[in-house]
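All I have is the shape, not the residue letters:
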């Protein structure tokens, strides 16, 4: 069964997020260190939280793996990716690991 890892970057007072760095440097690091194990990656930039509401999330990165073993292997190589987070944001990321059901 496919599994996904989603990393959400919430908007909060006093936080910032550098999209240019995220897309130009961080996501290539993800590809370099974890990409051999990832079946698909989608990055979503928050633009609204509903009608006439600002987004509550800067971005969501969704990585889909063929199975748990592939995700485990990717996570074993994730240290450089995780240590890069302070270079583009000061918000605290939230992770969701789940089974892909549809």
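Structure received. None of the values given here were measured: they were computed from a predicted structure. Numbering: from 1, shown residues only.

which ones are touching the residue nearest the centre of the chain?
In the chain, the centroid-proximal residue (CA atoms, centre = their mean) is residue 61; its distance is 3.0 Å. By CB atoms under 8 Å, 6 or more residues apart in numbering, the contact set of residue 61 is 6, 7, 27, 30, 41, 42, 43, 44. Yep, even glycine has a C-beta here, placed from its N, CA and C like the rest.

try 10 Å
Listed by CB atoms under 10 Å, 6 or more residues apart in numbering, the contact set of residue 61 reads 5-9, 22, 26-27, 30, 41-44, 93, 95.

before we move on, what about residue 90?
Here residue 90 is in contact with 12, 14, 15, 16, 17, 18 (CB under 10 Å, 6+ apart).

about what we covered before: separate out the buried members of the contacts of residue 61.
With burial judged by 16 or more other CB atoms under 10 Å, the buried subset of the contacts of residue 61 is 5, 6, 7, 8, 9, 22, 26, 27, 30, 43.

Now go through those residues and say which are in strands.
5, 6, 7, 8, 9, 43 (DSSP state E).

from those residues, which two are the most distant?
Greatest spacing in those, by CB to CB: 5 and 9 (13.8 Å).

Make a ChimeraX selection of whichever of the contacts of residue 90 turn out to be buried.
Typed into ChimeraX, the line below selects the buried ones among those, using 16+ other CB under 10 Å:
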select :17
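
rewinding a little: and the two most separated of the buried ones among the contacts of residue 61?
Top of the distance list for the buried ones among the contacts of residue 61 (CB to CB): 5 and 22, 16.2 Å.
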